[in-house]
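Trainee: Using only what follows, build the 3D model:
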Amino acid sequence: MKHETDTTALIVFGLMFGLITVLGFVAARWRRGDLRQLNEWGLGGRRFGTVVTWFLLGGDIYTAYTFIAVPALMFGSGGVGFFALPYTIIVYPIAFVFMARLWSVASARGYVTPADFVRGRFDSRGLGTAVAITGLIATMPYIALQLVGMKVVLAAMGVHGDWPIIIAFVILAAYTWNSGLRAPALISVVKDLAIYITVIVAVVYIPSKLGGYGHIFDTANQALPKKTTPAGTPAALIPGKAPAQTAYLTLALGSALALFMYPHVITGTLSARSQDVVRRNMAILPAYTLMLGFLALLGFMTIAAGIKTTDNTFAVPDLFLKYFPSWFEGFAFAAIAIGALVPAAVMSIASANLFTRNIWREYVHRNADDHEQTRVARWASVFMKAGALAFVLFLPQKDAINLQLLGGVWIIQTLPSVMVGLFTRFFDRRALLVGWVCGMVAGTWIAASQSFAPTWATTILGVNVNAYTAIWSLLLNLLVTTGLTLLIRGVGKADDRDETTPADYDELVETGRPAPVAAAPTG
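Mentor: Prediction:
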């Protein structure tokens with residue numbers, strides 16, 4: 001479909017974008033706090049209640065690229081795209097159990113990042129640094145993909161070139177600098193409401209123009225088998241090429257295990273005011289999964305609508321252009337663009353927290369006070385956004401996508417230290433570090449050797465097993481960590497130093513107050 005400039009759509013888009021820009025700056029006055037303190041700037045003072053946390057985490061997890069990529073996968077590949085649904089169903093029971101414990105120990109000890117927790121739990125600066133570096137390199141391409149999603153909707157409205165993305169970057173950087181986490185928290189309310197309205201209208205209105213869902217499914221059923229090499233689908237997921245069942249299962253499981261390891265998701269969770277708020281959100285966030293299911297169906301609607309495109313990322317925008325009036329196009333595209341800004345803001349803040357607490361304070365200025373940490377975090381947030389912008393401007397889109405796929409493989413390597421570490425101090429810190437190195441190297445090598453396909457098939461005891469690369473590398477990580485820990489304990493060299501106490505994990509009191517600031521690291 002030819003993408004021509006639509007003045008009406010651009011006006012509506014501009015008005016919506018202007019609204020969230022104003023909200024981003026006004027957020028500094030919302031729930032006032034001393035934004036010179038990292039706890040206030042980077043975690044919103046840990047005072048967000050159930051509703052705000054729900055919108056923030058929803059805006060953080062269900063991003064603009066989700067809106068573009070899931071229907072695009074359905075359009076090009078069919079039912080494999082539905083792996084996103086079991087993945088977002090599996091994740092919340094897991095998070096319900098461990099995120100409340102992480103919130104409690106972080107609140108009790110003044111931890112701001114997952115690397116803070118690992119550093120204190122295992123008394124290991126090296127292991128904490130490894131977790132921080134993993135979070136930084138996994139998040140950068142993730143921010144870039146949000147800008148890719150924005151670039152797609154701008155191009156669909158006939159706005160081409162890099163200047164709109166640069167302007168959006170400057171605005172994002174400005175209100176994030178000014179308001180910290182309060183900005184995406186407030187904007188996420190508008191973003192999520194706009195996304196819900198867009199999806200509900202789409203799944204009701206468009207099928208009425210296509211003869212109903214029966215016709216949509218029939219058309220997709222006839223069209224998809226004719227795609228001998230479904231666009232965007234790795235060979236490992238094409239029926240007949242390899243056992244796709246284990247690939248589908250492990251993609252869902254691995255994605256679920258990795259999601260709450262990302263710094264931005266942990267940051268959104270730690271901003272809650274109590275353990276109960278965290279648990280309530282893990283119980284009600286699956287409402288977004290229902291929306292995601294409807295969103296996935298847009299991929300089948302594009303097939304029934306006869307959309308022809310050489311770039312599947314334009315499937316949904318082209319569908320909207322075909323059936324929505326100009327004013328609603330502008331509203332829908334603005335919802336997607338805002339859906340890029342919210343997670344991009346939280347990701348850059350989370351990365352800035354990691355850099356400040358676990359790189360700057362550990363290796364540059366060990367006695368940095370809270371005001372210095374906030375200044376450093378603000379600048380680090382700008383540089384993270386600039387790096388993501390460079391990804392979009394100077395790297396092919398495919399490279400950004402490949403690096404984001406690698407991000408899932410990388411970030412899951414922090415699971416033994418963070419998630420398992422919340423429940424047991426059995427693992428030795430040296431074993432965890434060696435296991436992390438093995439998982440990172442093996443996962444990167446497998447992904448690169450597979451041309452960045454998400455799954456890898458191999459033969460084990462005569463059985464062909466096809467699984468998500470992140471699961472293979474995590475298994476290696478756990479095997480190495482467990483074996484080395486047993487060896488170290490067996491020769492009597494175990495070191496179980498731990499600054500946390502059992503009571504830190506059971507805090508149930510709503511804080512409603514600034515959390516304690518962790519002392520500067522020692523040793």
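Trainee: distance of M99 from G18?
Mentor: Noted for M99: a distance of 35 Å to G18, by CB to CB, to the nearest Å. Quick note: C-beta positions are derived from backbone N, CA and C, even for glycine.
Trainee: Compare these two (neighbour count), which wins?
Mentor: For M99 versus G18, the count of surrounding residues by other CB atoms under 10 Å is larger for M99: 25 against 12.
Trainee: Hmm, that one is touching T269, no?
Mentor: Yes: using CB atoms under 8 Å, M99 is in contact with T269, at 5.2 Å.
Trainee: who touches both of these two?
Mentor: Residues within reach of M99 and of T269 at once, by CB atoms under 8 Å, 6 or more residues apart in numbering, are F260, V278.
Trainee: Now do the same for T469: its pLDDT.
Mentor: Looking at T469, its pLDDT is 91.
Trainee: shouldn't it be in contact with A457?
Mentor: No: the criterion here is CB under 8 Å, and T469 misses it with A457 at 10.6 Å.
Trainee: Which of the two has more residues huddled nearby?
Mentor: Taking other CB under 10 Å, T469 and A457 do not tie; T469 has more neighbours (29 against 19).
Trainee: quick one: contacts for the more buried one?
Mentor: V409, G443, I446, A447, Q450, P454, T455, W456.
Trainee: Narrow these to those in strands?
Mentor: T455, W456 (DSSP state E).
Trainee: buried subset of the contacts of T469?
Mentor: V409, G443, I446, A447, Q450, P454, T455, W456 (16 or more other CB atoms under 10 Å).
Trainee: Among those residues, which pair sits farthest apart?
Mentor: G443 and T455 (12.3 Å; CB to CB).
Trainee: Just to check, S417 is in contact with L432?
Mentor: Yes: here S417 reaches L432: they are 5.3 Å apart, a contact under CB under 8 Å.
Trainee: Quick check: neighbours shared by the two?
Mentor: By CB under 8 Å, 6+ apart, the residues touching both S417 and L432 are F122, L127.
Trainee: so where's this structure shaky on pLDDT?
Mentor: The chain contains residues with pLDDT under 70 at 1-4, 227-243, 396-402, 507-523.
Trainee: Counting residues, what is the longest helix that it contains?
Mentor: The longest helix of the chain (DSSP state H) is helix 125-156.
Trainee: now that one, how far from the centre of its chain.
Mentor: 8 Å (CA atoms, centre = their mean, to the nearest Å).
Trainee: do the same with stretch 201-212
Mentor: On CA atoms, centre = their mean, the centre of stretch 201-212 falls 30 Å from that of its chain.
Trainee: And the contacts of that stretch?
Mentor: By CB under 8 Å, 6+ apart, the surrounding residues in contact with stretch 201-212 are 213, 216, 294, 297-298, 301, 304-305, 319-320, 323-324, 328, 332.
Trainee: contacting residues around the residue lying closest to G330 once chain neighbours are set aside?
Mentor: The spatially closest residue to G330, leaving aside those adjacent along the chain, is V12, at 2.9 Å (CB to CB, 6 or more residues apart in numbering). Counting by CB under 8 Å, 6+ apart, V12 touches S326, W327, E329, G330, F331, A334.
Trainee: Cross-reference those residues with the helices and report the matches.
Mentor: Reading helices off those with DSSP H, I get S326, W327, E329, G330, F331, A334.
Trainee: Now rank these by neighbours and give me the top one.
Mentor: Going by other CB under 10 Å, A334 tops the ones in helices among the contacts of V12 with 27 neighbours.
Trainee: Wait, that residue touches F13, no?
Mentor: Yes: taking CB under 8 Å as the definition, A334 is a contact partner of F13 at 4.7 Å.
Trainee: circling back to that earlier point, S417 and L432 - which one has more neighbours?
Mentor: Taking neighbours as other CB under 10 Å, S417 and L432 compare with S417 leading, 31 against 28.
Trainee: What strand or helix carries D495?
Mentor: Using DSSP states H and E, D495 is not contained in any helix or strand.
Trainee: no, scratch that, I was asking about T66
Mentor: Secondary structure (DSSP H and E) places T66 in helix 64-77.
Trainee: Ramachandran coordinates for V159?
Mentor: Dihedral pair for V159: phi -100, psi 110, per degrees, to the nearest 10.
Trainee: what's the neighbour count on it?
Mentor: 19.
Trainee: Can you tell me the closest non-neighbouring residue to the residue sitting nearest the centre point of the chain?
Mentor: Nearest residue to the geometric centre of the chain (CA atoms, centre = their mean): I61, 5.2 Å. Nearest non-adjacent residue to I61, counting by CB to CB, 6+ apart: V265, 6.4 Å away.
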